[in-house]
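Undergrad: This is the structure alone, sequence omitted:
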């Protein structure tokens with residue numbers, strides 16, 4: 001049975017951006033993204049997916065704050081939400097501070113202030129132009145990539161599916 005890492009993110013745009021980061025920095029990792037359609041739904045969607053798929057799960061969100069304690073609280077709360085469904089080595093949670101868009105903009109050195117409609121497209125293009133070392137030099141992205149690698153290591157090599165076409169589902173069940 002081939003297994004992918006499951007990523008549950010706040011929204012579709014987060015899935016788009018993180019998929020692009022993983023394709024550049026970790027092309028060997030097979031992943032599936034599920035957009036929870038909001039921070040409040042992250043734990044619920046992740047619990048449903050974990051119960052159904054029994055694959056390693058990482059919940060990813062934003063703290064909307066620069067407070068490091070918020071990052072710890074996010075991680076602890078979301079790991080606890082899955083702890084009765086999966087072994088601890090198959091669960092992780094990661095919070096970007098203050099948010100993923102800001103972290104990627106800083107790592108790729110682009111200005112996103114004033115961009116609303118075109119922000120995700122601008123960030124995607126910036127990731128596409130960036131090098132793996134440029135993204136990995138950002139402390140938060142480096143920590144995220146290390147966490148992904150640790151979770152990927154839980155899956156035995158025989159179970160690892162090497163980079164299939166990525167899929168994403170929203171909590172409403174639509175694929176894109």
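TA: Received, thanks. All figures in this text were calculated on a predicted structure; none of them were measured in a lab. Residues are numbered from 1 along each chain as shown.
Undergrad: Residue 68: neighbour count?
TA: Number of residues near residue 68 (other Cβ atoms under 10 Å) recorded here: 11. Just so you know, the C-beta spots here come from the backbone N, C-alpha and C atoms, and that holds for glycine as well.
Undergrad: Hmm, I typed the wrong one, I wanted residue 102.
TA: Residues near residue 102, counting by other Cβ under 10 Å, number 15.
Undergrad: ok so it is a strand residue?
TA: No. According to DSSP: H, G, I helix; E, B strand; the rest coil, residue 102 belongs to no strand; its state is helix.
Undergrad: mind checking pLDDT for it?
TA: Residue-level confidence at residue 102 comes out at 93, pLDDT.
Undergrad: go on, residue 54?
TA: Turning to residue 54, the model gives it a pLDDT of 81.
Undergrad: One more: residue 48?
TA: Here the pLDDT value assigned to residue 48 is 93.
Undergrad: can you check residue 168 too?
TA: 51.
Undergrad: With residue 175 instead?
TA: In the prediction, the pLDDT value recorded for residue 175 is 43.
Undergrad: so where's this protein uncertain?
TA: Low-confidence regions of the chain, defined here as pLDDT under 70, cover residues 1-2, 115-116, 156-176.
Undergrad: hmm, what's the outermost residue in it?
TA: Of all residues in the chain, residue 114 has its C-alpha farthest from the mean position, at 24.9 Å, by Cα atoms, centre = their mean.
Undergrad: From residue 3, how far off is residue 62?
TA: From residue 62 over to residue 3 the distance is 27 Å, taken as Cβ to Cβ, to the nearest Å.
Undergrad: Make sure residue 74 is actually in contact with residue 65.
TA: No. In this structure residue 74 lies outside contact range of residue 65 using Cβ atoms under 8 Å: 9.6 Å.
Undergrad: Settle it for me: which of these two has more neighbours?
TA: Comparing residue 74 with residue 65 by other Cβ under 10 Å, the one with more neighbours is residue 74, at 23 against 15.
Undergrad: ok, and the closest non-adjacent residue to the more buried one?
TA: The shortest distance from residue 74 to any residue that is not its chain neighbour, by Cβ to Cβ, 6 or more residues apart in numbering, is 3.8 Å, and that residue is residue 95.
Undergrad: For my notes, confirm the one you found occurs in a strand.
TA: Yes. Inclusion of residue 95 in a strand is indicated when three-state DSSP is applied.
Undergrad: so what's it up against?
TA: Under the criterion of Cβ atoms under 8 Å, 6 or more residues apart in numbering, the contact partners of residue 95 comprise 60, 61, 62, 63, 70, 71, 74, 75.
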